[in-house]
Every structure is written in structure tokens, then in C-alpha cells.
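> sequence and predicted structure below; questions after.
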Amino acid sequence: MVTAIRIERTGGPEVLDVADVDIAEPGPGEVLVDVAAAGVNYIDTYQRSGIYPVPLPYTPGLEGAGRVAAVGSGVTDVAVGDRVAWQGSPGAYAARALVPADVAVRIPEGVADETAAAVMLQGITAHYLTSSTHAVREGETVLVHAAAGGVGLLLTQLAKARGARVIGTVSTPEKERLARETGADEVIRYTEQDFVEAVRELTHGQGVDVVYDGVGASTYEGSLTCLRPRGLLALFGASSGPVPPIDPQRLNRGGSLFLTRPTSGDYTRTRQELQWRVGELFDGLAKGTLTVRIGGRYALSDARKAHEDLEGRRTTGKVLLLP
């Protein structure tokens, strides 16, 4: 038996219960990991609330890091005792987790377990958004919503490294400070000014090349308006709620705009691609050219509080559970 967070029914943070659960020995192609840290992400809240249906009962947590305790047959890339991190496999909100070996990657020396857990899902998201969804080029201008959040801080750093001018949106002076310290060239407090008007002023009416929008319902229309002709809106999340259906003619009227709703699984379809993305992230972390802000650490038993703080936008950077 291991301690884990279980969801028996969908709803608010109150449905996150601490329970003792059975965990099997690893089967073929699986590894059993003693979890050192589990990442808390908005997708966890979507699954908990029922926006993204999952089979119940369910142990949430799609990313984590820890030490391999046992391996199943056929596993050759990792061994007992290795430190590994993963994303895309549920069950990280627990003291131990069964993880498919093909999504587990070794953590190199110089990268701490907590840092590795903090960068897997959000780091891979920021990587594919800036290198593949829209490969940022020197001299482009990008708009990053929630620039002081976990993905936002990473997006800012990766876009700056590729030579972009970054405009970020935030809600408070403290979050503005964090965004600027991370490299944002311009920061708009959307609680005090209309971000669409501010972007138009900052770009002399030209608009931005790409908008990275993980907020969704409350920002998507403004995000489209901020784009230059043939610009791209990458909707990668919905922290304010899901985006309603969009008439394709809206893209026409905006200047032959592009719209995409990417997801991590489609940008890590092979182990080679996963290792490429994670390798570049870990290399940046080890060299100090990429930093990850861990804005909140919670005990496993405080998972409800972690969700409340995340959804209440009381957090900055990455939120972790520490079993």
C-alpha cells in the first residue's frame, strides 16, 4: 500500500482525497518510481472537474521525478537506482508511481529532482511552442499571456533565446517583476489596461507574430485581434475556461490568421523527439541558461490547497507536491 491522492467523483478541490492504495509490481515496459516530486498543472484541475473526462477512481498527476525502485521485463533504457523524470503518464500524486519506461528519461547530474519534475510538462510545452508550433525567429515579436506562470516564464526565456521581443501579460506588480526579471521586454498588467490596446501601441499598430495563450475563454478574442496579418494564435490551455467554437471567417477578417490547439502528446510522438526536447531543457538547466521558478511546494496531503491556489491565481512559477 502507498499513500496517494484519489478522485472518486469529479468536482472542486474537495474531491481530492488522501488514500492508501495498492500498487502493482512493474509489468513489461514499466518502471516503479519512488516519487520525489510531482508537478501540479492546470490539466490536473480539468481532469478533476470533469472538463477532461478520465476513468474513475483516478490518481492525478501527469509529471514527476524520483528514483527507480523496480523495472519490468524488456526495460533497457533505465535501471533500478536511476533518477528519472516523466510526463504524460497519470499517477504522480503518490508516494510511488508506475510509469511506462518509454516516457521516463534519466535526470543528469547537476539537475535536482524538483527541478526536473518542474520542467517536464511545462518545459516541453514551452519548447514545442517556440521551436515547432511557431518556430520563433530573430526579430519577431511574441505575446505571452500569464507571463509569470510556470509555462509563461519558460516561454519568455526560450523565445528570448531565439531572438524575439517578448510582450507579457500579468495581473500584479509582483508578477510583472518576475516577468521582467526573466527577460520580458514589455509587460502589460491586464487588470489595469486593455492588453489589446497596449499591444497595438507597443507594435505601432502592426500586431505580433504569434500569441501563446494558455488562458483561453477570457483572452482568445483579444489574442486574435493582437495578431499581424498571417499571425498565429497557439491556444495551449484554458485556465479561464474553454474557448467557444470559432467561425473560420473570423480568421479571414483578422488577416488570414492561423489558429492551432496543440497538445504535448503530438509533439513527443517518438522517444527520439521526447529526448531531444528534454535534452535541450536539461542542458539549459545544467548550464544555467534556463531557470525554473518553483513558486509553491506542498505536502501530498495538501493537494486540495495546491489546486485552490493554482486556480485562484495565487501562484507564480511551478507548483509541486512533495510526497
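Here it is on my side, so go on. Numbers count the residues shown, from 1 in each chain.
> outline the domain layout of the chain.
Dividing the chain into domains by automatic domain parsing, as the record does, gives the ranges 2-111+286-322, 123-263.
> tell me where the stretch 151-300 of the chain has strands.
All strands of the stretch 151-300 of the chain, identified by DSSP state E, counting those that start in this stretch, fall at 165-170, 186-189, 208-213, 227-235, 258-260, 294-299.
> for this structure, what's the longest strand?
For the chain, the longest strand by residue count, based on DSSP state E, is strand 30-40.
> would you tell me what the next helix or strand after that strand is?
Toward the C-terminus, strand 30-40 is succeeded by helix 42-49 as the next helix or strand (DSSP states H and E).
> residues near Ala101, how many?
Counted by other CB atoms under 10 Å, the residues lying close to Ala101 total 22. Using the backbone N, CA and C atoms, a C-beta is placed for each residue, glycine as well.
> contacting residues for it?
29-31, 71-72, 74-75, 77-78 (CB atoms under 8 Å, 6 or more residues apart in numbering).
> partners of the longest strand of the chain in the sheet?
Using DSSP bridges, the strands paired with strand 30-40 are strand 63-71 (antiparallel), strand 96-100 (antiparallel), strand 318-322 (antiparallel).
> in a markdown table, list those strands along with mean neighbour count and distance to Val170.
Supplementary listing: these in a markdown table, determined by neighbours: other CB atoms under 10 Å; distance: least, CB to CB, whole Å:
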| stretch | mean neighbour count | distance to Val170 |
| --- | --- | --- |
| strand 63-71 | 23 | 24 |
| strand 96-100 | 22 | 33 |
| strand 318-322 | 24 | 16 |
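> thinking again about what came up before, so for Arg9, which of the strands of the stretch 151-300 of the chain sits nearest?
With CB to CB as the measure, strand 294-299 is the member of the strands of the stretch 151-300 of the chain nearest Arg9 (22.1 Å).
> mind listing what's buried in that closest one?
If you call a residue buried by 16 or more other CB atoms under 10 Å, then strand 294-299 has these buried ones: 294-296, 298.
> can you dump the C-alpha coordinates of stretch 104-113 into CSV?
Output of stretch 104-113 as CSV, limited to C-alpha atoms (Å, rounded to 0.1, in the frame of the first residue of the first chain):
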residue,chain,number,x,y,z
ALA,A,104,10.8,8.1,-18.4
VAL,A,105,14.1,9.9,-19.0
ARG,A,106,17.2,9.9,-16.9
ILE,A,107,17.9,13.1,-14.9
PRO,A,108,21.5,14.2,-15.5
GLU,A,109,23.9,15.3,-12.8
GLY,A,110,23.5,18.9,-11.9
VAL,A,111,19.7,18.9,-12.2
ALA,A,112,17.8,18.3,-9.0
ASP,A,113,14.7,16.1,-8.8
